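*Asks:* Give me a model of this one.
(one chain, ligands or ions: 2)
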Amino acid sequence: MPNKKKKKDKLSFELKNLWTVYSQTEEKTVMTFADEYKAFLKLVKTEREAVDFFRENAKKAGYKCAVSTGKSGKKLYYVNRDHAIAIVRKGKKPVSQGVRIIGAHLDSPRLDLKQKPFFEDSNLSMLKTHYYGGIKKYQWLSRPLAIHGIVIKGNGDKVKISVGEDPGDPVFVIPDLLPHLAKKVQYSKGVSELVSGEQLKILAGQKEVKSEEDKKKLTSFLLELLHSRYGIVQEDFVSADLEVVPADDPRDVGFDRSMVGGYGQDDRVCAYTAFRGMLDSPQLKYTSIAFLIDKEEIGSDGATGAQSNWLADIIADLLQREDKVSDHYTLSRTMHLSEAISADVNAAVNPLFKEVHDIDNAAISGYGIVITKFTGSGGKFSSNEATAEFTAKIRNIFNKAKVQWQFGELGKVDEGGGGTIAKHISKWGIHTIDAGPGLLGMHSPFEIVSKADLWETYKGYSAFFSAE
Ligand code: MN
Ligand code: MN
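*Replies:* Ligands and ions are numbered 1, 2, ... in the order given. Sure thing, here's the model as predicted:
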């Protein structure tokens, strides 16, 4: 636990509450940066929306689509199926001397609509969902929800859908059971069985019906509405990516407005700070990649996940553009000379559940970006562990740039655990370490980050990109 020492002690590793460190001017900068971050969080609630945001802002900053520009540009971006985006900025050194990568993920835990979502009962129209990623199901009950995504119609047209965000929009909800009748159905069960995956159906409408025959019209009423508004029919839902997310806006948390609360901060807080770090950094020594990937929450599988070859494909393409050489040897040598931060969130100590942490090795909210040497669970299983040498390098980069950092492990030994994309980056021979801010209420519909940690994370990623 960081302690308040009166005298500076060269031997001990002292951390400070960042709010006692910032000058008035810096605090103002921190708050402004957080406001810009909140605007991003409000706009972006899915991986597709994140790709749109980063693509548009990269374009504004002079970045060109790599596929449509054959030339070796200084600022490029690559998009993978509108689910992942990599933004590349050329450094002074040739690509073959290695690249710098910050890898974050754009997907967050949520509920996806099923491909045949329609369900009706008790005069209510509901939509079936299949949850995505690690959620505590009960947290999604009785709270306003929005639907975001796209539908591809039979004729190939793409229809964008976003309902529940504008103040005038309707919202959706999974109604919880009243306490009066919960005695047997809920109170006798463990938290994980309070509500089942199949029970996560969202309330989507109602029509007064009197006869049995009319009851059947509930679905068609909803379908008619969807058809008149979006021109979509039932079959179109099969070719759709529709995500149910919390309808709430991000908000300041606390009287002092020191924190940001909002959905999807795991891991868009790292994607945003990595992107800003890349754009705002002065001239870079090494070619740098903000690698913003999909599917982390479900194991990084698939063509848009970090287990795909996409990172290698991008580096091969960069080598080809520059040197007209991208053979296996050149590519693997480049990989071994490359360095990466796996930019993901850690668990900040929650005073209500302190017992899950070894406090000496846990992240404290408001004490800076968290370096995590290894993730995994049950004896570091399934983890990339950064070498002591590379950990030292990152620590020195942060120290030199006056970034306040702390060390954090995800919980006590054998308490649980989790992974990041670190192991999927390091498998290529790339030196990789985890670093990102600590969150409170991670994976909940309202995650909380300290604005100070947000700022130190941005500073840390900027320092990594521009380091010698
Ligand atoms: Mn994450
Ligand atoms: Mn996560």
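*Asks:* And what about the residue nearest in space to the middle of the chain, helix, strand or coil?
*Replies:* For the chain, the residue nearest the mean C-alpha position is Asp267 (2.1 Å; CA atoms, centre = their mean). Look at Asp267: counting by DSSP: H, G, I helix; E, B strand; the rest coil, its state is helix.
*Asks:* Let me see the confidence value for the closest residue to it other than its chain neighbours.
*Replies:* Once flanking residues are discounted, Asp267 sits nearest to His105: 4.6 Å by CB to CB, 6 or more residues apart in numbering. Bear in mind the C-beta positions are built from the backbone N, C-alpha and C, glycine included. Looking at His105, its pLDDT is 98.
*Asks:* Touching, His105 and Ile298? I think so.
*Replies:* No - between His105 and Ile298 there is no contact under CB atoms under 8 Å: 10.5 Å.
*Asks:* quick one: which helix or strand includes Arg321?
*Replies:* Element membership for Arg321 (DSSP states H and E) is helix 310-323.
*Asks:* Same check on Ala104?
*Replies:* When secondary structure is defined by DSSP H and E, Ala104 falls within strand 99-105.
*Asks:* Provide a list of residues in contact with His336.
*Replies:* Gly98, Gly429, Ile430 (CB atoms under 8 Å, 6 or more residues apart in numbering).
*Asks:* sorry, back to before: what angle separates the helix holding Arg321 from strand 99-105?
*Replies:* Interaxial angle, helix 310-323 versus strand 99-105 (axes from the mean of the first three to the mean of the last three CA atoms, to 10 degrees): 150 degrees.
*Asks:* Let the chain start at 594 from now.
*Replies:* Got it, first residue is 594 now, which makes that one helix 903-916.
*Asks:* Those residues of the stretch 794-943 of the chain touching ligand 1, which are they?
*Replies:* With CB under 5 Å from the ion as the criterion, the stretch 794-943 of the chain comes near ligand 1 at residues Asp859, Asp860, Asp937.
*Asks:* Let's see that with 6 Å instead.
*Replies:* Contact residues, the stretch 794-943 of the chain versus ligand 1 (CB under 6 Å from the ion): Asp859, Asp860, Glu889, Asp937, Val938.
*Asks:* Distance of the fourth one relative to Asp894?
*Replies:* Spelled out, that is Asp937. Distance, Asp937 to Asp894, by CB to CB, to the nearest Å: 17 Å.
*Asks:* Bridged to Lys751, which residues?
*Replies:* Following DSSP bridges, Lys751 is listed with bridge partners Ile745.
*Asks:* what about it, how many neighbours?
*Replies:* 10 (other CB atoms under 10 Å).
*Asks:* now it: how far from ligand 1?
*Replies:* In this view, Lys751 and ligand 1 are 28 Å apart by CB to the ion, to the nearest Å.
*Asks:* Make sure that residue is actually in contact with Gly742.
*Replies:* No - using CB under 8 Å, Lys751 makes no contact with Gly742, being 10.5 Å away.
*Asks:* in this structure, which helix has the most residues?
*Replies:* Using DSSP state H, we find that the single longest helix of the chain is helix 617-636.
*Asks:* Next, the closest residue to ligand 1 within the stretch 944-1061 of the chain: phi, psi?
*Replies:* Closest to ligand 1 within the stretch 944-1061 of the chain is Thr1013: 6.1 Å, counting by CB to the ion. The phi/psi pair for Thr1013 (degrees, to the nearest 10) reads phi -140, psi -170.
*Asks:* show me the contacts for the closest residue to it other than its chain neighbours.
*Replies:* Using CB to CB, 6+ apart and skipping residues adjacent in sequence, the residue nearest Thr1013 is Asp937, 4.2 Å away. For Asp937, the contacting residues are Ala697, His698, Asp859, Asp860, Cys863, Glu889, Thr1013, Ile1014, Ala1015, Asp1027, Gly1029, by CB under 8 Å, 6+ apart.
*Asks:* try 7 Å
*Replies:* Contacts for Asp937 (CB atoms under 7 Å, 6 or more residues apart in numbering) come out as Ala697, Asp860, Cys863, Thr1013, Asp1027, Gly1029.
*Asks:* which SS state does it fall under?
*Replies:* Criterion first, three-state DSSP; result for Asp937: coil.
*Asks:* And for His820?
*Replies:* Reduced to three states by three-state DSSP, His820 is helix.
*Asks:* ok, back up a step: tell me the most packed of the contacts of His929, by neighbour count.
*Replies:* Among those, the one with the most neighbours (other CB under 10 Å) is Ile1023, at 25 neighbours.
*Asks:* what's that residue sitting at in phi/psi?
*Replies:* According to degrees, to the nearest 10, Ile1023 has phi -80, psi 130.
*Asks:* Does it touch Met928 like I think?
*Replies:* Yes - using CB atoms under 7 Å as the test, Ile1023 is close enough to Met928 to be in contact (5.5 Å).
*Asks:* follow-up on the earlier one: how about the longest helix of the chain, which residues are buried there?
*Replies:* Glu620, Val623, Phe626, Ala627, Tyr630, Lys631, Phe633, Leu634 (16 or more other CB atoms under 10 Å).
*Asks:* Distance from the helix or strand following it to the middle of the chain?
*Replies:* Following helix 617-636 in sequence order, the next helix or strand is helix 640-653 (DSSP H and E). Relative to its parent chain, helix 640-653 has a centroid offset of 14 Å by CA atoms, centre = their mean, to the nearest Å.
*Asks:* just the angle between helix 640-653 and strand 692-698, please?
*Replies:* Note on geometry: by the same axes, to 10 degrees, helix 640-653 and strand 692-698 are set 140 degrees apart in direction.
*Asks:* got the contact list for the helix or strand that helix 640-653 is followed by?
*Replies:* Moving toward the C-terminus from helix 640-653, the next helix or strand (DSSP H and E) is strand 657-658. Contacts with strand 657-658, where a contact means CB under 7 Å, 6+ apart, come from Gly666, Lys668, Leu669, Tyr670.
*Asks:* Ok, stretch 749-767 next?
*Replies:* With CB under 7 Å, 6+ apart as the test, stretch 749-767 has contacts from 733-746, 793-797, 823-825, 835, 837, 840.
*Asks:* quick one: which of the residues you listed sit in helices?
*Replies:* Judged by DSSP H, the subset of the contacts of stretch 749-767 located in helices is Tyr823.
*Asks:* Can you pull the poorly scored residue ranges out of the stretch 744-893 of the chain?
*Replies:* Scanning the stretch 744-893 of the chain for pLDDT under 70 picks out 800-812.
*Asks:* measure the residue of the stretch 744-893 of the chain found nearest ligand 1 to Glu817 for me?
*Replies:* Of all residues in the stretch 744-893 of the chain, Asp860 sits closest to ligand 1, at 3.8 Å by CB to the ion. The gap separating Asp860 from Glu817 is 39 Å, by CB to CB.
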